[in-house]
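K.L.:
Here is a sequence with its predicted model. Questions after.
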Amino acid sequence: MGLILLLAMIGVPILEIAVFIEAGERIGLWPTLGAVIVTAVVGTALLRLQGLSTIARARESLEAGQLPIAEVFDGLCLLIGGALLLTPGFVTDAVGFLLLIPPVRLVLRRWGRNYLMEGGRVRTWSNVSPPGAGPASGRPSTVIDGEFEEVVDEDGPSGGDKSETRWNKRIDRANDLDKRR
């Protein structure tokens, strides 16, 4: 991985310089610089628009009780695409614009998901019960953990168990409080 990053850090600037030289020879210095500035401005506007849209979709997913995994991936692609668009150069702008196209992000998301799942690099689990869960539905229900204290009279149980009676009274009081709310 380190070697790939090193090659990218050396190769991308060399490639950008070569494309700048070629563009400068074909269309001239000022049109080349103008094109770089225009791509940065247009890219920033598109990034803002799509970023706000992605945030809105993520909020809707969270309100529906779903994890916004697709939206997080889209946000990551937009972040990388925005950084590439602000970097001067035609090659980085092309890759940045590609990351702003939703179908391209969809293909990348599917490829990434398949890569992670096939390699066994991702395991998922949940401790949240789905809606409608419970004993009647045959699906596991939510477990509520709690503490209790058993109160025993010094006299001991005579006839009826006094600790049980006090416990029932506490439950009755708690139910009464719940009904009042």
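P.N.:
Sure thing, it's come through.
K.L.:
Who are the packing partners of the strand or helix carrying T32?
P.N.:
Here T32 sits within helix 29-63, counting by DSSP states H and E. Applying 3 or more CB pairs under 8 Å, 6 or more residues apart in numbering; DSSP states H and E, we find helix 29-63 packed against helix 2-27, helix 69-86, helix 90-99. No exception for glycine: its C-beta is placed from N, CA and C like everyone else's.
K.L.:
Number of residues surrounding G82?
P.N.:
20 (other CB atoms under 10 Å).
K.L.:
Could I get the contacting residues of it?
P.N.:
G43, T44, L47, G51, G96 (CB atoms under 8 Å, 6 or more residues apart in numbering).
K.L.:
so the second one makes contact with L84?
P.N.:
No: look at T44 against L84 with CB atoms under 8 Å: they stay out of range, at 11.7 Å.
K.L.:
Mind checking which of the two has more residues around it?
P.N.:
Legend: neighbour count by other CB under 10 Å for T44 and L84, higher for L84 (21 against 13).
K.L.:
any idea how far that one is from N114?
P.N.:
24 Å (CB to CB, to the nearest Å).
K.L.:
What of L99?
P.N.:
19 Å.
K.L.:
okay, those two: which has more neighbours?
P.N.:
Of the pair L99 and N114, L99 is the one with more neighbours under other CB under 10 Å, namely 23 against 10.
K.L.:
quick one, what contacts the closest residue to the more buried one other than its chain neighbours?
P.N.:
Closest residue to L99 apart from its sequence neighbours, by CB to CB, 6 or more residues apart in numbering: G81 at 3.2 Å. Going by CB under 8 Å, 6+ apart, G81 touches G43, L47, V95, G96, F97, L98, L99, L100.
K.L.:
May I have stretch 36-54 as PDB, with CA atoms only?
P.N.:
Provided in PDB are the C-alpha atoms of stretch 36-54 (Å, rounded to 0.1, in the frame of the first residue of the first chain):
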ATOM      1  CA  VAL A  36      -8.600  25.100 -14.500                       C
ATOM      2  CA  ILE A  37     -10.400  27.900 -12.600                       C
ATOM      3  CA  VAL A  38     -13.800  27.200 -14.300                       C
ATOM      4  CA  THR A  39     -13.500  23.500 -13.400                       C
ATOM      5  CA  ALA A  40     -12.800  24.400  -9.800                       C
ATOM      6  CA  VAL A  41     -15.800  26.800  -9.600                       C
ATOM      7  CA  VAL A  42     -18.200  24.400 -11.300                       C
ATOM      8  CA  GLY A  43     -17.000  21.500  -9.300                       C
ATOM      9  CA  THR A  44     -17.400  23.400  -6.000                       C
ATOM     10  CA  ALA A  45     -21.000  24.300  -6.900                       C
ATOM     11  CA  LEU A  46     -21.900  20.700  -7.900                       C
ATOM     12  CA  LEU A  47     -20.200  19.500  -4.700                       C
ATOM     13  CA  ARG A  48     -22.200  21.800  -2.500                       C
ATOM     14  CA  LEU A  49     -25.500  20.800  -4.200                       C
ATOM     15  CA  GLN A  50     -24.800  17.000  -4.000                       C
ATOM     16  CA  GLY A  51     -23.400  17.300  -0.400                       C
ATOM     17  CA  LEU A  52     -26.600  19.000   0.800                       C
ATOM     18  CA  SER A  53     -28.700  16.300  -1.000                       C
ATOM     19  CA  THR A  54     -26.600  13.500   0.600                       C
END
